[in-house]
Every structure is written in structure tokens, then in C-alpha cells.
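Trainee: dropping a prediction and its sequence here:
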Amino acid sequence: MNNNSKIYVAGHRGMVGSAIVRHLTGSGFTNLILKTSAELDLRNQQSVNDFFKNEKPEYVFLAAAKVGGINANNIYRAEFLYDNLAIEINVIEAAKQNSVKKLLFLGSSCIYPKSAPQPLKEEYLLTGILESTNEPYAIAKIAGIKLCEAYRSQYGCNFISAMPTNLYGPNDNYDLEKSHVLPALIRKFHAAKTNGSSEVIVWGSGKPMREFLHVDDLAAACLILMQKYDGVGFLNVGFGSDISISDLSFLLADIVGFKGKIVFDTSRADGTVRKLMDSSKMQALGWQPKIGLKQGISDTYKIFHEQFLHI
């Protein structure tokens, strides 16, 4: 892949896709193909086929997906399964039909069994039962991995996959009902501080451990994968350490400047107890995360504060 290669970033307006675009642009890549969901519905097979036939991208970053937190995953189970399956199937098949040189599919750490040993190694996939709250999304992402592997095996396509841990950063979704835990907490603590609230209610017991990676670190990993990795198996992309939701809440309170009480609502589901990933295979390619959690959250909150001043 060189600076003039024709590169399609699917989902370029999302948190992950926009970070990949920033990283590609910053690295001198100039021939990017970008389409909004209004311009190209990736769930529509004919539209996707026409797009690939007309544009003929050489490289594809498949970052488009229907995403959300534990609550959204549990409520919109059919949408999370159908939409993500449709996107993957359409893009991967069109990439094969139009001789794309290389495709990178991005999944999620939720693919792993609920009770898998820690840290999570790539070989733990399909060794146990999934966490029920996000099972449809996980199944869709597992299907994407297996599609890439099958197209490589049967058709010789250079299609690879990467599984990032929990992500945060610019262009995140701060909807309290649909967002992931970190952006939801940023919004809650900001609103509580702004409104002078005496407490913030955090869903769950606060005991689950979560690993967080800044999306710009993921984008750097994606470029390395596209340039250096042609292996059969998918690779984990994680920060290397985790934090309890309780400790994360107190860290956020400090960053935002909230002085009130933090209350944990144990009537809400915790989800998987721990999801720490083993990213040693990714690190062997020369990648290391550079953005620490406190600094990354502080920078993210500054952006949130500028964009959502009145929330």
C-alpha cells in the first residue's frame, strides 16, 4: 500500500473510521474513498456491488458497524445481528468480486466466551458460551472473522481481521441509552457537574474490569496491519492493562471536576466480569499504544466539552 493507493474506509464518520482517516491522511495517503451512510447503505447488496464496481478500491478498512453499549445490545438484538451481518457479507463479497488487494475487518473483544481465561488469547475464540447481553453483536463479529478466513482459504483473498478492546476518543457516541460505558460516564459526570447534582448513578456493581484503548492508537495499529500483516488468524489490539468500572468512575469524576457522591446501581447488569486482551502478537509487529488512560480521557473530555457544552 503506497500513498497513491485507492483506499476505501467504510464507516469513516464513526469513531474508528474517522481515526483511521486521520491517521492515513497524516501519514501521507491522499487517494481515499469516503461515503456516508446516506450516500451508500452498506446493508444494500446491490448498492455495495455497484459502488465497488465503479470505484474499484485497492484496499478496504471495514470499520462500519452498528455499535452500542450493553443496554443497546440487549434491546436491539435483531438489529445488531442483521445490520452487522449484512454490512460484512456485502462488503467482503464485493471486495472479492472486484479483486481488492487487501481488506481489514474490525471486530470487538466481545467475541470471546464469557468465562474465558485472562488475558484473552486469540485461540480462545469459540471455546465457550458468549455473554448473553451482547451475544447478537458478538455472533456477527465472529461471522466476519470466519468470512475473512473462508474467503482467504477458498478464493485466496488477502482479507485479515483485528479485534480491538473497548475504545474511546474523538467522535464517540454519548447517547446515554446507546453508548458504551466510558462515553456514557463522561456525559453523566459532566451533566451532574453542570447541573449541580449531588450524585451520579453508575450502572452495575462497579466491580467488572475493562480495558480501554484510545482510538488513535487503534488507527496506528490498523495501518501497521495493512502494511505488515498477511496472516490467517485475527489479532487482538489492546492497551495491556485494565481498570474496574468503580475506579474508572472515580477517575472520571476527578477529570471532570465532579465533587458529589457516586452510587452504583446493582439492579443493572454488569456484563462480562473481565475482558483483558493478550495483544502480544500485535506488539510483535512493532506496535505499542502511546496514549495513557488518564491523558486520553482528559483529551477526550476537552473535545466533548467543546462539542456538547450545553449537555
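Mentor: That came through, no problem. Numbers count the residues shown, from 1 in each chain.
Trainee: only C-alpha atoms from now on, for both contacts and neighbour counts.
Mentor: Noted.
Trainee: which SSE is immediately downstream of the helix or strand where residue 183 lies?
Mentor: Here residue 183 is covered by helix 181-195, with elements defined by DSSP states H and E. Counting by DSSP H and E, the next helix or strand C-terminal to helix 181-195 is strand 199-203.
Trainee: alpha carbons of the helix or strand of the chain with the lowest mean pLDDT, as CSV, please.
Mentor: The helix or strand of the chain with the poorest confidence is helix 70-75; it has a mean of 74 (mean pLDDT, DSSP states H and E). Extracted C-alpha coordinates of helix 70-75, given in CSV (Å, rounded to 0.1, in the frame of the first residue of the first chain):
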residue,chain,number,x,y,z
ILE,A,70,-24.7,-3.2,27.0
ASN,A,71,-28.2,-1.7,27.1
ALA,A,72,-28.5,-1.1,23.3
ASN,A,73,-27.0,-4.5,22.6
ASN,A,74,-29.6,-6.2,24.8
ILE,A,75,-32.6,-4.2,23.5
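Trainee: what residues sit buried inside it?
Mentor: 70-74 (16 or more other C-alpha atoms under 10 Å).
Trainee: helix or strand next in line after it, which one?
Mentor: Moving toward the C-terminus from helix 70-75, the next helix or strand (DSSP H and E) is helix 77-97.
Trainee: quick revisit: any idea which of the buried residues of helix 70-75 is closest to residue 255?
Mentor: residue 70 (24.0 Å; C-alpha to C-alpha).
Trainee: could you pull out the helices for the stretch 151-300 of the chain?
Mentor: With DSSP state H, counting those that start in this stretch as the criterion, the stretch 151-300 of the chain has helices at 181-195, 215-228, 245-256, 280-283, 293-307.
Trainee: let me know the angle separating the last one from helix 181-195.
Mentor: Okay, so that is helix 293-307. 60 degrees (axes from the mean of the first three to the mean of the last three C-alpha atoms, to 10 degrees).
Trainee: buried by neighbour count: which residues of helix 293-307 qualify?
Mentor: Within helix 293-307, the residues scored as buried using 16+ other C-alpha under 10 Å are 293, 296-298, 300-301, 304-305.
Trainee: next, format the residues you listed as JSON lines and append distance to residue 222 and pLDDT.
Mentor: Formatted as JSON lines, the buried residues of helix 293-307 follow (distance: C-alpha to C-alpha, whole Å; pLDDT from 0 to 100):
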{"residue": "293", "distance to residue 222": "20", "pLDDT": "97"}
{"residue": "296", "distance to residue 222": "19", "pLDDT": "97"}
{"residue": "297", "distance to residue 222": "21", "pLDDT": "97"}
{"residue": "298", "distance to residue 222": "24", "pLDDT": "97"}
{"residue": "300", "distance to residue 222": "21", "pLDDT": "95"}
{"residue": "301", "distance to residue 222": "24", "pLDDT": "95"}
{"residue": "304", "distance to residue 222": "25", "pLDDT": "90"}
{"residue": "305", "distance to residue 222": "28", "pLDDT": "85"}
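Trainee: ok, residue 78 - contacts?
Mentor: By C-alpha atoms under 8 Å, 6 or more residues apart in numbering, residue 78 lies in contact with residue 136.
Trainee: picking up where we left off before, mind checking how far the helix holding residue 183 is from the chain centre?
Mentor: Relative to its parent chain, helix 181-195 has a centroid offset of 21 Å by C-alpha atoms, centre = their mean, to the nearest Å.
Trainee: okay if I get the buried residues of helix 293-307 as CSV plus distance to residue 118?
Mentor: Shown next, in CSV, are the buried residues of helix 293-307 (distance: C-alpha to C-alpha, whole Å):
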residue, distance to residue 118
293, 20
296, 24
297, 25
298, 28
300, 28
301, 30
304, 33
305, 35
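Trainee: any idea how far residue 198 is from residue 191?
Mentor: According to C-alpha to C-alpha, to the nearest Å, residue 191 and residue 198 sit 11 Å apart.
Trainee: comparing the two, which shows the higher neighbour count?
Mentor: Neighbour tally, residue 191 and residue 198, criterion other C-alpha atoms under 10 Å: the higher count belongs to residue 191, 18 against 12.
Trainee: what's in contact with stretch 144-156?
Mentor: Under the contact criterion C-alpha under 8 Å, 6+ apart, stretch 144-156 has outside partners 85, 88-89, 92, 96, 105, 107, 157-161, 232-234.
Trainee: residue 286: neighbour count?
Mentor: Residues lying near residue 286 (other C-alpha under 10 Å) number 10.
Trainee: to clarify, my last question referred to residue 97.
Mentor: 12.
Trainee: ok, now residue 123?
Mentor: Applying other C-alpha under 10 Å, we find 10 residues neighbouring residue 123.
Trainee: and for residue 45?
Mentor: Residue 45 sits with 17 neighbouring residues when counted by other C-alpha under 10 Å.
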